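**Student:** No sequence on hand, only this structure:
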């Protein structure tokens, strides 16, 4: 997921045959590639989500892992920027699908009272994966950027274990038996009682993910082009970006469990709104004024902490939808927001001065304000059961 963000500017500069990462063409093409990745993630969530409801969680999980592992590895062979765009788009199909299927699989197998803590653990698994990507980047800092993508092939080895050890869930089997040939269609997400849930969740995810991915992509590019960093060697810049990502992710792990603790106390709806406000304040604080790399490294831990927001979605979204629409609904609503995020990544990049992405990050942070307001219209989900309450509860 984050291998590209760690080497985006130097790799794209190499593909464009441009010597300087501060050239505006590098940032523009790098953001287009990231946008293509987010669009692929969105489409993959809906596509593999539908397959997960039809064929089962375990088989679909194996397909998604193979998809993102193969095409991440193929990014090594990119010769032009649009080759990389295609490979990142295709790998993202699998990543989007894996989230939808994995979240539904866990929501159907773990006790409901543990739901917030399982969400925190699952998101921490994502964080640990990012830390491993950062470690790989540090170990390969002296190699050409393309070599880092070979690390992405390794998850393909998990497929053999998934097929052997991960059974289909009893809840899915029961729903398939009961439905027989009368299974719900995708259009059912926009009908009846579930329609309102679909639209509100879609809006919250779209707005918050746009701001989040603007931060996750542009904060690294901003660090590389700070005035006090610009003269550093490529290896030194790689090490700085890796250090920054470590700080963001370690603080994010703490934020995952903080979010779970708050959700247990006051519910998901209010917690999501509070964390959106916290993320907003963190980004405004970090980027309202120019900062050198030492000061900025410390500030980056604050938005990292409030990324616990996205841990909650993992266990909160699947139970909002009927069993045979679960991976479709969760995958569609959470991941379709990435299409908006894709446009936002490119759009906010337009605010950058040459090589300076501070205003990009500052303006992106304001999107968390409407996300916080919309969050109050989300349904409430009780940890003691699967009942859904309206916003007036």
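**Tutor:** Sure, I can see it. Note that the structure is predicted; figures quoted are calculated from it, not measured.

**Student:** Tell me where the model's unsure across the stretch 201-350 of the chain.
**Tutor:** 337, 344-346, 348-350 (pLDDT under 70).

**Student:** The same query, at a cut-off of 90, please.
**Tutor:** 206, 209-210, 213-214, 216-243, 245-246, 264-265, 267, 290, 292-294, 311-350 (pLDDT under 90).

**Student:** any idea where the strands of it begin and end?
**Tutor:** Taking DSSP state E, counting those that start in this stretch, the stretch 201-350 of the chain contains no strands at all.

**Student:** Can you tell me the SS state at residue 70?
**Tutor:** With DSSP: H, G, I helix; E, B strand; the rest coil as the basis, residue 70 sits in helix.

**Student:** Does it touch residue 153 like I think?
**Tutor:** Yes - here residue 70 reaches residue 153: they are 7.4 Å apart, a contact under Cβ atoms under 8 Å. In this view, the C-beta of every residue, glycine as well, is placed from N, C-alpha and C.

**Student:** Chain neighbours aside, what residue packs nearest to residue 375?
**Tutor:** Nearest residue to residue 375 in three dimensions, chain neighbours excluded: residue 273, at 3.9 Å (Cβ to Cβ, 6 or more residues apart in numbering).

**Student:** Count the residues that sit near that neighbour.
**Tutor:** 22 (other Cβ atoms under 10 Å).

**Student:** Show the contacting residues for residue 317.
**Tutor:** By Cβ atoms under 8 Å, 6 or more residues apart in numbering, the contact list for residue 317 reads 103, 201, 329-330, 333-334.

**Student:** hmm, 7 Å instead?
**Tutor:** When contacts are counted by Cβ atoms under 7 Å, 6 or more residues apart in numbering, residue 317 touches 103, 201, 330, 333-334.

**Student:** With distance to residue 91 and neighbour count added, can I get those residues in JSON lines?
**Tutor:** Formatted as JSON lines, the contacts of residue 317 follow (distance: Cβ to Cβ, whole Å; neighbours: other Cβ atoms under 10 Å):
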{"residue": "103", "distance to residue 91": "19", "neighbour count": "27"}
{"residue": "201", "distance to residue 91": "25", "neighbour count": "27"}
{"residue": "330", "distance to residue 91": "20", "neighbour count": "30"}
{"residue": "333", "distance to residue 91": "22", "neighbour count": "28"}
{"residue": "334", "distance to residue 91": "18", "neighbour count": "29"}
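
**Student:** Can you tell me which of those is nearest residue 88?
**Tutor:** Using Cβ to Cβ, residue 334 comes nearest to residue 88 of these, at 19.3 Å.

**Student:** Contact partners for the closest one?
**Tutor:** 45, 99, 205, 313, 317.

**Student:** Just the ones of these in helices?
**Tutor:** Members of these lying in helices (criterion: DSSP state H): 45, 99, 205, 313.

**Student:** Skipping adjacent residues, who's closest to the last one in space?
**Tutor:** The one in question is residue 313. Closest to residue 313 by Cβ to Cβ, 6+ apart is residue 334, at 5.8 Å.

**Student:** among the contacts of residue 334, who's most crowded?
**Tutor:** Going by other Cβ under 10 Å, residue 45 tops the contacts of residue 334 with 31 neighbours.

**Student:** That one reaches residue 101, doesn't it?
**Tutor:** No - Residue 45 lies out of contact with residue 101 (Cβ atoms under 7 Å); the separation is 9.4 Å.

**Student:** about what we covered before: and of the ones in helices among the contacts of residue 334, the nearest to residue 176?
**Tutor:** residue 45 (21.2 Å).

**Student:** quick one: secondary structure of residue 361?
**Tutor:** helix.

**Student:** ok, back up a step: distance to residue 177 added to the contacts of residue 317, as CSV?
**Tutor:** As requested, the contacts of residue 317 are exported to CSV (distance: Cβ to Cβ, whole Å):
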residue, distance to residue 177
103, 23
201, 28
330, 22
333, 26
334, 28
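
**Student:** Looking at these, which is nearest residue 121?
**Tutor:** Among those, and counting by Cβ to Cβ, the member closest to residue 121 is residue 103, at 12.4 Å.

**Student:** how much space is there between the closest one and residue 123?
**Tutor:** Shown here: residue 103 relative to residue 123, a distance of 10 Å by Cβ to Cβ, to the nearest Å.

**Student:** can you count the residues close to residue 128?
**Tutor:** Residue 128: 12 neighbours (other Cβ under 10 Å).

**Student:** do residue 266 as well
**Tutor:** Residue 266, neighbours per other Cβ under 10 Å, totals 12.

**Student:** where exactly do the helices run in the stretch 251-393 of the chain?
**Tutor:** For the stretch 251-393 of the chain, applying DSSP state H, counting those that start in this stretch gives helices covering 268-287, 293-299, 301-305, 309-316, 326-349, 358-365, 368-375.

**Student:** Export those helices as JSON lines, with columns for distance to residue 159.
**Tutor:** Listed next are the helices of the stretch 251-393 of the chain as JSON lines, based on distance: least, Cβ to Cβ, whole Å:
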{"stretch": "helix 268-287", "distance to residue 159": "33"}
{"stretch": "helix 293-299", "distance to residue 159": "38"}
{"stretch": "helix 301-305", "distance to residue 159": "31"}
{"stretch": "helix 309-316", "distance to residue 159": "22"}
{"stretch": "helix 326-349", "distance to residue 159": "18"}
{"stretch": "helix 358-365", "distance to residue 159": "36"}
{"stretch": "helix 368-375", "distance to residue 159": "35"}
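
**Student:** Since that was my last question, I'll sign off now.
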